[in-house]
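*Asks:* after the sequence you'll find the predicted model.
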Amino acid sequence: MTPLARKRLGKVLLNGAGLLVFVFAIFPVYWMVSTGFKENDQIFTTEFIPFPTHFTFEHFERVLTEGVANNSIWLYMRNSAIVAIGTVLIGSTFALLSATAIARFRFKGRGVFLMVLLVVQMLPSEGLLIPLYMMVKRAGLGDQFLGLIVTQVALTLPFGVWMLRTFVAAVPKSLEEAAWIDGAGRMTTFWKVLFPLVAPGLVATSIFSFITAWNDLVFALYLMSGSEGYTMPVALQFFFGQEGVDWGAIMAGSTMMTIPVVIFFLLVQRRMVQGLTAGAVKG
């Protein structure tokens, strides 16, 4: 086999492997959406039906009109949005400030602090449920959105600090020093020089925080005692009954729950690309 043929074969194998990974990743999403449009006789069957032969909006209509647990589905969507947006705003702010301090200053215990962040990130969220639950209750934030937001910030903050620390450390300190020579203060340098260059990392951190808070089930279930404070993941659990599982409604509700995440990603993705381009030009 000639070198050119081996090169072409390598490209074919690489593209084929990429295609398999794409299919493996996208198939669960496709199955969720397609099941939401299937009739019940096509859902509860032993046959493999890759796509609905007769599209129906019955499951979506039932979720939208009947609601869940005597509440409108939009109530749970609103609750999820409050928790997710609050987590992004508070968590990203603290992550950026912490990452800047770690990357720009040398202080005693810095290495230990970074190691603690890494260890906390490795722990499963279920292992932190009891201590966080007790802390939230003692702080008087039980059964409140603020308490749920605080727990989500605690879960996503270590990852945000680690990621943003890398972005801040990659920015040459000479850019800040040049701004100081020109008469800019520390706050002006932070917002005018450093912040635009670390914006892509901030966007990536926001995406992670939003998805984590939006998809949370355990903390939203145990911290919120009333059904009016439940989020979408908790609301979907009501379709699991003693008489059976309403898979059509679950898939329809899951599809509706996925749409805001996709919209949020599309909105911030443009900002991330713009930030990367701006940073390359300024650098």
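*Replies:* Cool, the structure landed. Numbering: from 1, shown residues only.

*Asks:* distance from the chain centre to stretch 228-242, please.
*Replies:* Distance of stretch 228-242 from the chain centroid (C-alpha atoms, centre = their mean, to the nearest Å) equals 20 Å.

*Asks:* stretch 24-35 now?
*Replies:* Taking the mean of its C-alpha atoms, stretch 24-35 sits 19 Å from the chain's own mean (C-alpha atoms, centre = their mean).

*Asks:* same question, stretch 156-164
*Replies:* For stretch 156-164, the distance to the chain centre is 13 Å (C-alpha atoms, centre = their mean).

*Asks:* I'd like the numbering to begin with 286 instead of 1 from here.
*Replies:* That works, and once the first residue is 286, the last one we named lands at stretch 441-449.

*Asks:* pull the CA atoms of that stretch into PDB?
*Replies:* What follows is stretch 441-449, C-alpha atoms only, in PDB (Å, rounded to 0.1, in the frame of the first residue of the first chain):
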ATOM      1  CA  THR A 441     -20.200  24.100  40.400                       C
ATOM      2  CA  LEU A 442     -17.700  26.600  41.900                       C
ATOM      3  CA  PRO A 443     -14.700  24.300  42.100                       C
ATOM      4  CA  PHE A 444     -14.900  23.400  38.400                       C
ATOM      5  CA  GLY A 445     -15.400  27.100  37.500                       C
ATOM      6  CA  VAL A 446     -12.400  28.200  39.500                       C
ATOM      7  CA  TRP A 447     -10.100  25.600  38.000                       C
ATOM      8  CA  MET A 448     -11.200  26.400  34.400                       C
ATOM      9  CA  LEU A 449     -11.000  30.200  34.800                       C
END
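
*Asks:* next, name the residue at the spatial heart of the protein.
*Replies:* Geometric centre of the chain, nearest residue: residue 496, 1.8 Å, by C-alpha atoms, centre = their mean.

*Asks:* who's in contact with that one?
*Replies:* Residues in contact with residue 496, defined by C-beta atoms under 8 Å, 6 or more residues apart in numbering, are residue 546. C-beta here means a position set from N, CA and C on the backbone, and glycine is covered the same way.

*Asks:* what residues sit buried inside the one helix or strand it maps to?
*Replies:* Following DSSP states H and E, the helix or strand that holds residue 496 is helix 480-499. By neighbour count with 16 or more other C-beta atoms under 10 Å, helix 480-499 contains the buried residues 482-495, 497-499.

*Asks:* and it, how far from the chain's centre?
*Replies:* Worked out by C-alpha atoms, centre = their mean, helix 480-499 lies 9 Å from the chain centre.

*Asks:* pLDDT on it, on average?
*Replies:* In this model, helix 480-499 has a mean pLDDT of 87.

*Asks:* same check on stretch 521-528?
*Replies:* Here the average pLDDT along stretch 521-528 is 81.

*Asks:* check which residues of that stretch are buried.
*Replies:* 521, 523, 524.

*Asks:* residue 445 is in contact with residue 387, correct?
*Replies:* No. With contacts counted by C-beta atoms under 8 Å, residue 387 stays clear of residue 445, the gap being 11.8 Å.

*Asks:* what residue ranges in this protein score low on pLDDT?
*Replies:* Counting by pLDDT under 70, the chain shows low-confidence ranges at 286, 527, 555-568.

*Asks:* for it, what spans make up the helices?
*Replies:* Counting by DSSP state H, the chain has helices at residues 288-321, 325-328, 343-351, 358-389, 395-407, 414-423, 430-455, 458-466, 471-474, 480-499, 503-508, 517-521, 532-567.

*Asks:* can I get those helices in JSON lines with distance to residue 334?
*Replies:* Listed next are the helices of the chain as JSON lines, based on distance: least, C-beta to C-beta, whole Å:
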{"stretch": "helix 288-321", "distance to residue 334": "9"}
{"stretch": "helix 325-328", "distance to residue 334": "5"}
{"stretch": "helix 343-351", "distance to residue 334": "15"}
{"stretch": "helix 358-389", "distance to residue 334": "26"}
{"stretch": "helix 395-407", "distance to residue 334": "41"}
{"stretch": "helix 414-423", "distance to residue 334": "39"}
{"stretch": "helix 430-455", "distance to residue 334": "38"}
{"stretch": "helix 458-466", "distance to residue 334": "58"}
{"stretch": "helix 471-474", "distance to residue 334": "60"}
{"stretch": "helix 480-499", "distance to residue 334": "30"}
{"stretch": "helix 503-508", "distance to residue 334": "33"}
{"stretch": "helix 517-521", "distance to residue 334": "23"}
{"stretch": "helix 532-567", "distance to residue 334": "13"}
